[in-house]
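1. next input, structure requested:
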Amino acid sequence: MAGIVDSQQKIIALCDSMKALLLEKNQRYGDSALSPLGIFSTLNATEGIKVRLDDKLARIKNHPESLRKNDIADIIGYLILLCIAQGWTSFDDLID
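-> As a prediction, this is how the structure comes out:
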């Protein structure tokens, strides 16, 4: 990738890694975030993901000294899943 600066290479690597993590978790948990079972909760996918984000953010707020890589990855993952639940499959329209 000639001409790509170091920070751009890091963005590519991190996004590729996040994609692999999300695909692995999606397979492991059976698409539960986007297709919830609805046994105990009747929330739809969008609201369920928002609850998971609130829970993760509350844990970080209540224990800021123990921020972990996993916390950040979970938030990024939940935000990507929220985009999908909203029907957003691209950000191309945001690029000028």
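
2. could you point out the longest helix in this protein?
-> Criterion DSSP state H: the longest helix present in the chain is helix 6-28.

3. quick one: average pLDDT of the helix or strand following it?
-> Downstream of helix 6-28, the first helix or strand assigned by DSSP states H and E is helix 45-62. Taken as a whole, helix 45-62 has an average pLDDT of 96.

4. what packs against helix 45-62?
-> Judged by 3 or more C-beta pairs under 8 Å, 6 or more residues apart in numbering; DSSP states H and E, helix 45-62 is in contact with helix 69-85. C-betas here are computed from N, CA, C, even on glycine.

5. how about low-confidence regions in this protein?
-> The model of the chain has pLDDT under 70 over residues 1-2.

6. circling back to that earlier point, the longest helix of the chain packs against which elements?
-> Packed next to helix 6-28, using 3+ C-beta pairs under 8 Å, 6+ apart, are helix 69-85.

7. show me what the helix it packs on is in contact with.
-> 18, 21-22, 25, 33-34, 44-46, 49-50, 52-53, 56-57, 59-60, 89 (C-beta atoms under 8 Å, 6 or more residues apart in numbering).

8. so how far is residue 45 from the residue most central in space within the chain?
-> Centroid check for the chain by C-alpha atoms, centre = their mean gives residue 77 as the closest residue, at 1.2 Å. According to C-beta to C-beta, to the nearest Å, residue 77 and residue 45 sit 14 Å apart.

9. same question, residue 38
-> Between residue 38 and residue 45 the computed distance is 10 Å (C-beta to C-beta).
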